[in-house]
Every structure is written in structure tokens, then in C-alpha cells.
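Here is my input, please return the structure:
(chains A and B)
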Amino acid sequence: QSALTQPASVAGSPGQSITISCTGTSSDVGGYNYVSWYQQHPGKAPKLMIYDVSNRPSGVSNRFSGSKSGNTASLTISGLQAEDEADYYCSSYTSNNRVFGTGTKVTVL
Amino acid sequence: EVQLVQSGAEVKKPGESLKISCKGSGYSFSSRWIGWVRQTPGKGLEWMGFIYLVDSDTRYSPSFQGQVTISADKSISTAYLQWSSLKASDTAIYYCARGYYYMDVWGNGTTVTVSS
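Residues are numbered from 1 along each chain as shown, chains lettered A, B, ... in the order given. Down below sits the predicted model:
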């Protein structure tokens, strides 16, 4: 099972919006509405930001939103803040397996 | 507070065995799936497998099948990940996390270093 493809890095200025893509296949991202997104700060454990494509867990800012079209899922961060600088990973259910994305480093300029 | 607390860092030699743990608290541990995720600098996050505490149903990623064993003792709310013969390539941070389709609670991570 190959990792989902994400851009290595995305940058934006405070207040701007950025979007991170996550491309898979019809066997994972495109086949199920079970895409999740995780934020990871250096030296910390990943934190769930989005589940089931577009749902936010309690306590996660509404500046984070998720969507999906075909085999590509997306995470949008609006009103970018310094604290959003971190690594972001997508993940998808696939039959009897799970697959993560390659990871994207978000830099706040 | 719902949390998963993992055992401490380990330094081992190639060929040695190892078992690391993940203890849950603040929720009904035995009613959920607990998974394990490996993180290495070169390969990012990799899902290894998980276990359903109700009946010990265990699923493995094809990449890790036969390489590790996932188990649990629900009487003490603890899940385990073990190796019978470590390799240098097992050097990584290992996280346990709660969930089936997504992982909503993560442990603090266990760093495993395998070096001669």
C-alpha cells in the first residue's frame, strides 16, 4: 500500500488561507469517506484535526476545514496563525488497512 | 481526562526482544480499538496494526505482518507492541492511538533505538 501523496511544504502569511492536498486512489481516498487529518508539532504526538473528510473534533478551531473530490482530499487552514506552523498528515481507510500521507510542512511566513 | 501513557525509551541491540506498552485511562479502554503507528524520519507515519480490546481481534498492516505482535491485557487497560528479534531498521518512535477509522487520542510515543 503506497503512501498518499502530499506536497512537501506549503507556506503562507498570517491571516492568509492555505490548502494542503492529499492524493490517493479509488481504493483509499476515493473509495471511502474516512479521510482524517493530523497536526504534529516538533517533538509532539500527532493531533486529530479532521475526521470523516470534513468533521472537526471538539476543541479544534473552525479555521480548519476538510473536503474531498474524487481521489483527492484537502485540508484548508483559514486565517493562518503562527501556532499553525507544524507538519500535517492525511490518512485514509483502505480495506483492512490504513494509509498515511507523506506529510506537509506548513510554514507561517 | 482521556489519555494513553506509553512506556519509556528503549535502547536495544540487534537480535534482542522488546515489548513496549500503552496504558489507557479516563474512558472505557476495553470498548475501543487501539492501534500502533511508527514514525521514522525517512518514511513519516506508518500504520502498523490494531487490536479490539473486546475480543482481541487483531489486524496488521501487510508491511508489518509477521514482524511484530500486538496484544493487550484489558484487565489493566494496557496494549502492547512486541518484537522477537529487533533490527536496526526498527529504530523509530512508536505511538499508540485510539480509534478505527481515525485516531482521536494519541499516546506520548516511545523511542526505540536499535544499535550494536
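
Next one: stretch B:7-14, is it in contact with chain A?
No. Judged by C-beta under 8 Å from any C-beta of the partner chain, stretch B:7-14 stays clear of chain A, getting no closer than 13.0 Å. In short, each C-beta sits where N, CA and C put it, glycine included.

do stretch B:49-69 as well
Yes. With C-beta under 8 Å from any C-beta as the criterion, chain A is reached by stretch B:49-69 at B:59, B:61-63.

Other residues contacting the lowest-mean-pLDDT helix or strand in chain A?
One helix or strand of chain A scores below all others by mean pLDDT, DSSP states H and E: strand A:97-100, with a mean of 92. By C-beta atoms under 8 Å, 6 or more residues apart in numbering or on different chains, the residues outside strand A:97-100 that reach it are A:1-4, A:24, A:28, A:89-92, B:35, B:37, B:44-47, B:61-62.

Please indicate which of the residues you listed are buried?
With burial judged by 16 or more other C-beta atoms under 10 Å in any protein chain shown, the buried subset of the contacts of strand A:97-100 is A:1, A:3-4, A:24, A:28, A:89-92, B:35, B:37, B:44-47, B:61.

Identify the residues contacting the residue nearest the centre of chain B.
Geometric centre of chain B, nearest residue: B:Trp36, 3.7 Å, by C-alpha atoms, centre = their mean. Counting by C-beta under 8 Å, 6+ apart, B:Trp36 makes contact with B:22, B:47-50, B:68, B:70, B:79, B:81, B:94-97.

same deal with B:Lys23?
B:4-6, B:76-78.

quick revisit: could you tell me which of the contacts of strand A:97-100 belong to helices?
Of the positions in the contacts of strand A:97-100, not one sits in helices, assigned by DSSP state H.

Residue 14: neighbouring residues, count only.
No chain in the question, so chain A it is. Residues near A:Pro14, counting by other C-beta atoms under 10 Å in any protein chain shown, number 11.

wrong chain, I was asking about chain B
Burial of B:Pro14 is recorded as 13 neighbouring residues (other C-beta under 10 Å).

Same check on B:Gly42?
The burial count for B:Gly42: 6, using other C-beta under 10 Å.

and if you look at A:Pro57?
There are 15 residues near A:Pro57, going by other C-beta under 10 Å.

that's a strand at it, yeah?
No. Checked against DSSP: H, G, I helix; E, B strand; the rest coil, A:Pro57 lies outside a strand; its state is coil.

do you know how far it is from chain B?
6 Å (C-beta to the nearest C-beta, to the nearest Å).

can you list the residues of chain B near chain A?
B:35, B:37, B:43-47, B:59, B:61-63, B:95, B:97, B:101-104, B:106-109.

Mind checking which of the buried ones among the contacts of strand A:97-100 are in strands?
A:89-92, B:35, B:37, B:44-47 (DSSP state E).

which of those residues lies closest to A:Val106?
Nearest to A:Val106 among these is A:Tyr89, at 11.3 Å by C-beta to C-beta.

Specify the beta-bridge partners of the closest one.
A:Tyr38 (DSSP bridges).

which ones are touching it?
A:6, A:37-38, A:40, A:46, A:100-101, A:103-104, B:44-45.

Give me the lowest-pLDDT entry from the residues you listed.
Minimum pLDDT across the contacts of A:Tyr89 is recorded for B:Gly44, with 89.

Skipping its backbone neighbours, what lies nearest that residue in space?
A:Gly103 (4.7 Å; C-beta to C-beta, 6 or more residues apart in numbering or on different chains).
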